[in-house]
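Q: Any chance you can model this:
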Amino acid sequence: NNLINYYIKQIEIWERKIMKNRKTQYLWLLVILIVPAVILYFNKIKLGLDLRGGTSVVLQAQGKIESDTMEKVRDIIERRVDGLGVTEPVIQISGNDRLIVELAGIKDSQKAVELIGTTAKLEFKIKNQDGTYGPTLLEGSAIKTAVLSQGEFGRPAVDFTLDGKGAEVFAKITRENIGKPLAIMLDGKEQSSPVINSEIPGGRGQITTNNREDAKNITNLLKSGALPVSIKILEVRTVGATLGVESIKQTQFAGILAMITISVFMFAIYKIPGLIADVVLAIYGFLVLASLSLVGSTLTLPGIAGFILTLGMAVDANVITFERIKEELAKGYSIDDAVEKGFENGLPAIIDGNLTTLLIAAVLFSFGTGPVRGFAVTLSLGVMITMLTAIFITKLFMHFVIDNFKIKKEKLFWGGIKDGKFESNTL
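A: Numbering: from 1, shown residues only. Purely as a prediction, here's the structure:
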């Protein structure tokens with residue numbers, strides 16, 4: 001309680017400083033509106049798999065799984081997906097041995113699945129005359145860098161560099177096996193088998209391929225590293241773009257319907273303050289979308305549900321404040337004083353309500369996965385922006401309307417005041 005009271009006092013001090021000068025108020029409002037517009041213009045909101053379409057892959061680790069195995073697998077898969085150029089992939093651990101990978105907007109899902117599920121175990125072996133292979137002499141864990149390049153006759157290739165110990169081993173291999181083919185194996189498949197003509201010091205080598213796409217994939221695999229365990233693909237699910245378009249249409253309709261319903265309700269109950277709340281609600285929605293874009297969050301259906309939910313929570317703060325203003329007007333205060341006291345008295349209840357919601361959102365984000373975390377992010381941003389719109393923007397608009405349109409306190413709400421009370425709350 002002491003901590004909450006401290007923050008309430010700090011907010012009140014900050015709010016008084018800003019509200020002293022009307023020109024400063026309008027300048028702040030202009031900044032609040034312009035900055036989100038710039039953010040949305042240069043940084044479009046990314047759509048998730050359920051809205052944009054794409055591929056969802058469920059992977060299962062095979063063999064011995066240690067406490068940090070799945071974290072290592074996830075990190076390596078993330079690096080591989082980054083190499084594909086997929087924006088905002090969702091990669092999450094499920095249970096003790098499963099990984100869920102969602103690739104929104106991916107064009108060639110089959111190649112993406114093959115790349116993700118490849119163990120990428122690189123081995124160097126001597127190729128015998130009968131086509132068989134000798135024991136593994138060097139593994140891919142010794143590779144330090146891998147770069148896409150061109151080999152002999154312009155063939156696509158991958159230039160790699162080994163670390164210090166790997167370079168020594170590679171030099172020894174080439175020194176002791178001159179005239180023999182050195183097979184470079186990836187997951188048990190021969191990629192190339194150049195003949196060793198002389199010792200190769202310095203730890204540099206090259207893998208030639210048949211096409212540029214294979215060379216690019218091998219480069220990506222070598223950069224990301226080999227998986228610590230083999231991976232089995234349990235499920236591959238493709239979400240079509242048409243489903244995403246239909247989902248967007250339905251959620252757009254739900255959002256518009258929610259906005260209209262809330263707007264009508266606020267006007268019907270609170271008259272002029274209700275209209276102000278409707279305008280601020282539109283600004284609130286604008287700010288939430290800009291915030292989602294700024295933090296790089298991927299918008300999903302649960303996220304949109306969280307956004308629509310916060311619309312009601314946003315006007316809830318206005319309801320608390322407006323009821324406090326009505327109480328102060330009924331006591332005989334002037335309209336300006338009633339507005340000031342109404343916001344001041346409503347602030348603790350607004351902070352308490354939003355704080356409990358933030359705690360719930362934090363729990364959802366900490367223990368939830370995928371869509372649940374997206375819902376928690378949208379909910380958290382909505383709650384924090386509610387504080388801005390309820391404390392600052394709504395109050396600014398209230399003073400602007402009252403001062404410029406010469407609103408009398410009897411005309412502010414429906415029904416007017418009689419015997420120290422409002423006659424009616426509605427039309």
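
Q: can you give me the helices in the chain?
A: For the chain, applying DSSP state H gives helices covering 2-19, 22-42, 49-52, 69-84, 109-117, 164-176, 212-224, 241-294, 301-330, 335-367, 371-388, 394-405, 409-412.

Q: Of all the ones you listed, which one comes closest to Gln191?
A: Proximity to Gln191 (C-beta to C-beta) singles out helix 212-224 among those, at 6.9 Å. In short, each C-beta sits where N, CA and C put it, glycine included.

Q: packing partners for the closest one?
A: Contacts defined by 3 or more C-beta pairs under 8 Å, 6 or more residues apart in numbering; DSSP states H and E place helix 212-224 against helix 69-84, helix 109-117, strand 143-150, strand 156-162.

Q: That one: which residues count as buried?
A: Using 16 or more other C-beta atoms under 10 Å as the test for burial, helix 212-224 gives 214-224.

Q: From the chain's centroid, how far away is that helix?
A: Here helix 212-224 shows a centroid-to-chain-centroid distance of 27 Å under the convention C-alpha atoms, centre = their mean, to the nearest Å.

Q: and if you look at stretch 363-370?
A: 13 Å.

Q: Rebuild the helices and strands packed on helix 212-224 as JSON lines, extending it with mean pLDDT.
A: Formatted as JSON lines, these follow (pLDDT from 0 to 100):
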{"stretch": "helix 69-84", "mean pLDDT": "80"}
{"stretch": "helix 109-117", "mean pLDDT": "74"}
{"stretch": "strand 143-150", "mean pLDDT": "86"}
{"stretch": "strand 156-162", "mean pLDDT": "87"}
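
Q: any chance of these in TSV, plus distance to Trp414 and mean neighbour count?
A: Formatted as TSV, those follow (distance: least, C-beta to C-beta, whole Å; neighbours: other C-beta atoms under 10 Å):
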stretch	distance to Trp414	mean neighbour count
helix 69-84	57	18
helix 109-117	58	17
strand 143-150	71	16
strand 156-162	75	21
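
Q: Which one of these lies nearest to Val401?
A: That would be helix 69-84 among the helices and strands packed on helix 212-224, by C-beta to C-beta, at 50.6 Å.

Q: The closest one packs against which elements?
A: Applying 3+ C-beta pairs under 8 Å, 6+ apart, one finds that helix 69-84 contacts strand 54-61, strand 90-94, strand 98-104, helix 109-117, helix 212-224.

Q: Partner strands of the second one and their direction?
A: Spelled out, it's strand 90-94. The strands beside strand 90-94 in its sheet (DSSP bridges) come out as strand 98-104 (antiparallel).

Q: the inter-axis angle of the partner strand versus strand 54-61?
A: Orientation of strand 98-104 against strand 54-61 (axes from the mean of the first three to the mean of the last three C-alpha atoms, to 10 degrees) gives an angle of 160 degrees.

Q: Any buried residues in strand 98-104, and which?
A: Per 16+ other C-beta under 10 Å, strand 98-104 contains these buried residues: 98-104.

Q: okay, these in TSV with distance to Gly415 and pLDDT next?
A: Below are the buried residues of strand 98-104 laid out as TSV (distance: C-beta to C-beta, whole Å; pLDDT from 0 to 100):
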residue	distance to Gly415	pLDDT
Arg98	61	90
Leu99	61	90
Ile100	56	87
Val101	59	86
Glu102	53	83
Leu103	57	82
Ala104	52	76
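
Q: Looking at those residues, which is nearest Gln25?
A: For the buried residues of strand 98-104, the nearest to Gln25 is Ala104 (41.1 Å; C-beta to C-beta).

Q: Going by neighbour count, list what's buried in stretch 185-200.
A: Counting neighbours by 16+ other C-beta under 10 Å, stretch 185-200 gives 185-186, 191-193, 196, 200 as buried.
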